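Undergrad: With the input below, show me the fold.
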Amino acid sequence: MTMPFDSILGALDPPLRQTALRLLIALVAFLLTWLLRHLLLNLALAPFRRRLEGTPFGRSVIEIVSQPILIGVIVLGLLIAMAILGLDASADSFLRAIINSLVLLAVATALYRIVQIAPLAAGLSAATGVIVDKRLDPFLNAALRLVILVMASALILQEWGVNVSAIVAGLGIGSLAISLAAQDTVANLFGFVSIVADRPFSVGDYIAVMDIEGTVEHVGLRSTAIRKLDQARVMIPNSLLNRVAITNWSRLQKRRFQLSLTAPASLQSAQLDWLLGALRQRLAEMPKVERNTSEALFTRINDNGSLLIELRGYILEVTWSEYMRAVERINLSALDLLRQAQTFVPSGKDTA
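TA: Numbers count the residues shown, from 1 in each chain. Below you'll find the predicted structure:
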């Protein structure tokens with residue numbers, strides 16, 4: 001036969017009976033809090049749920065605060081149980097360590113979720129005025145989440161009297177070997193971060209790195225792929241790109257040209273003067289040539305008596321093929337004007 005519950009309590013000594021009742025009430029209070037935690041969460045969020053769900057970030061805010069509130073409800077249950085039990089110093093210290101750990105866990109969870117969904121690149125750009133590429137968001141998020149996890153773990157361990165400094169010192173020896181083995185990988189990763197942040201080139205740009213020239217096909221975490229003119233695909237480590245000079249031909253606003261035209265020694269000074277004027281006028285009329293920088297100059301007389309004329313300026317074309325077509329038109333025009341100059345007769349002279 002089973003004994004009634006009050007009979008069991010009646011059989012106990014009064015001090016033990018009082019302790020058992022307190023323990024039972026504390027357990028019931030904690031279990032009620034545990035079972036009703038989702039109901040209490042909904043009650044806490046009810047005044048704000050309708051307002052938040054209609055906003056762009058409302059659902060995210062609810063997800064951020066839900067888990068910390070649930071942990072807070074558990075902490076509340078433990079506090080109620082502690083107040084009912086009236087524990088001694090050692091037991092009270094143990095439960096307070098649990099409560100403090102849960103509070104730290106709630107704060108860390110909230111921060112972790114905020115970092116997980118926050119557009120950190122846009123936030124840094126707005127705060128510092130420095131443009132940060134949004135492709136850095138995964139790395140910034142991962143780094144901050146790691147910092148939050150490490151800091152929260154260290155604080156929780158300290159609550160339980162663990163010497164965190166000794167653990168860090170022990171991990172330092174092992175991490176030294178790992179860092180030496182992974183230093184190339186880490187250097188390439190930081191090189192990728194620098195490429196994304198500084199944006200010296202983008203996929204599709206034509207760049208020159210040391211003795212390698214080609215079109216950027218892919219920028220990865222470890223290396224960057226460049227397709228050379230002979231169609232060979234070259235993989236360059238990002239750590240190397242972070243240390244050397246990079247020439248980005250695709251980001252030119254204009255291209256400089258410098259051409260040489262050799263006139264025969266028989267060309268008279270009046271004919272040379274006419275040729276220079278005609279060259280300058282022709283350059284000014286060409287739509288792809290920048291007017292205020294183009295010039296045609298008689299620079300020197302060669303050893304064989306021929307005359308050297310230099311054509312200089314900028315062509316308002318970025319792509320190589322269009323630039324070469326513009327140079328070709330300049331060369332053809334220069335040759336045509338040179339032929340005309342040789343038959344040019346200055347005014348006041350006959351052709352006999």
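Undergrad: which stretches of the stretch 201-350 of the chain form strands?
TA: Ranges of strands in the stretch 201-350 of the chain, per DSSP state E, counting those that start in this stretch, are 206-209, 212-219, 223-228, 233-237, 246-248, 255-263, 295-301, 307-315.
Undergrad: Among the ones you listed, which comes closest to D273?
TA: strand 295-301 (8.9 Å; C-beta to C-beta). From N, CA and C alone the C-beta is placed, and that goes for glycine too.
Undergrad: So what touches the closest one?
TA: 272, 276, 279-280, 283, 307-313 (C-beta atoms under 8 Å, 6 or more residues apart in numbering).
Undergrad: Show me where the stretch 251-352 of the chain has its helices.
TA: 269-285, 320-342 (DSSP state H, counting those that start in this stretch).
Undergrad: could the ones you listed go into JSON lines alongside mean pLDDT and mean neighbour count?
TA: Putting those into JSON lines (pLDDT from 0 to 100; neighbours: other C-beta atoms under 10 Å) gives the following:
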{"stretch": "helix 269-285", "mean pLDDT": "92", "mean neighbour count": "16"}
{"stretch": "helix 320-342", "mean pLDDT": "91", "mean neighbour count": "15"}
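Undergrad: What helix or strand is the residue lying closest to V107 once chain neighbours are set aside located in?
TA: Excluding the flanking residues, the one nearest V107 by C-beta to C-beta, 6 or more residues apart in numbering is P68, at 7.1 Å. Per DSSP states H and E: P68 is located in helix 58-85.
Undergrad: on that earlier part again, specify which member of the contacts of strand 295-301 is nearest to A106.
TA: G313 (68.3 Å).
Undergrad: partners of that closest one in the sheet?
TA: F257 (DSSP bridges).
Undergrad: got a list of what it touches?
TA: 256-257, 283, 289-290, 293-295.
Undergrad: Give me the buried subset of these.
TA: Neighbour-count burial (16 or more other C-beta atoms under 10 Å) applied to the contacts of G313 gives 257, 283, 289-290, 294.
Undergrad: Format these as CSV; extra columns: distance to L267.
TA: Below are the buried ones among the contacts of G313 laid out as CSV (distance: C-beta to C-beta, whole Å):
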residue, distance to L267
F257, 23
L283, 19
V289, 24
E290, 28
S294, 22
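Undergrad: List just the nearest of those to A110.
TA: Nearest to A110 among the buried ones among the contacts of G313, with distances taken as C-beta to C-beta, is E290, at 58.0 Å.
Undergrad: Would you list the phi and psi of that closest one?
TA: phi -70, psi 120 (degrees, to the nearest 10).
Undergrad: Quick check: nearest residue in space to it, chain neighbours excluded?
TA: Y314 (4.3 Å).
Undergrad: Would you confirm that the one you found contacts K288?
TA: No. With contacts counted by C-beta atoms under 8 Å, Y314 stays clear of K288, the gap being 9.6 Å.
Undergrad: could I have stretch 264-282 exported to PDB, CA atoms only?
TA: The C-alpha atoms that make up stretch 264-282 are tabulated as PDB, following Å, rounded to 0.1, in the frame of the first residue of the first chain:
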ATOM      1  CA  PRO A 264      63.000  63.900 -95.700                       C
ATOM      2  CA  ALA A 265      65.900  66.300 -95.500                       C
ATOM      3  CA  SER A 266      64.700  67.900 -98.800                       C
ATOM      4  CA  LEU A 267      61.600  69.300 -97.000                       C
ATOM      5  CA  GLN A 268      61.900  73.100 -96.900                       C
ATOM      6  CA  SER A 269      61.200  75.200 -93.800                       C
ATOM      7  CA  ALA A 270      58.000  76.500 -95.200                       C
ATOM      8  CA  GLN A 271      56.800  73.000 -96.000                       C
ATOM      9  CA  LEU A 272      57.800  71.900 -92.500                       C
ATOM     10  CA  ASP A 273      55.900  74.800 -90.900                       C
ATOM     11  CA  TRP A 274      52.800  73.900 -93.000                       C
ATOM     12  CA  LEU A 275      53.100  70.200 -92.000                       C
ATOM     13  CA  LEU A 276      53.300  71.000 -88.300                       C
ATOM     14  CA  GLY A 277      50.200  73.300 -88.500                       C
ATOM     15  CA  ALA A 278      48.300  70.700 -90.500                       C
ATOM     16  CA  LEU A 279      49.200  67.900 -88.000                       C
ATOM     17  CA  ARG A 280      48.100  70.100 -85.000                       C
ATOM     18  CA  GLN A 281      44.800  70.900 -86.700                       C
ATOM     19  CA  ARG A 282      44.200  67.200 -87.700                       C
END
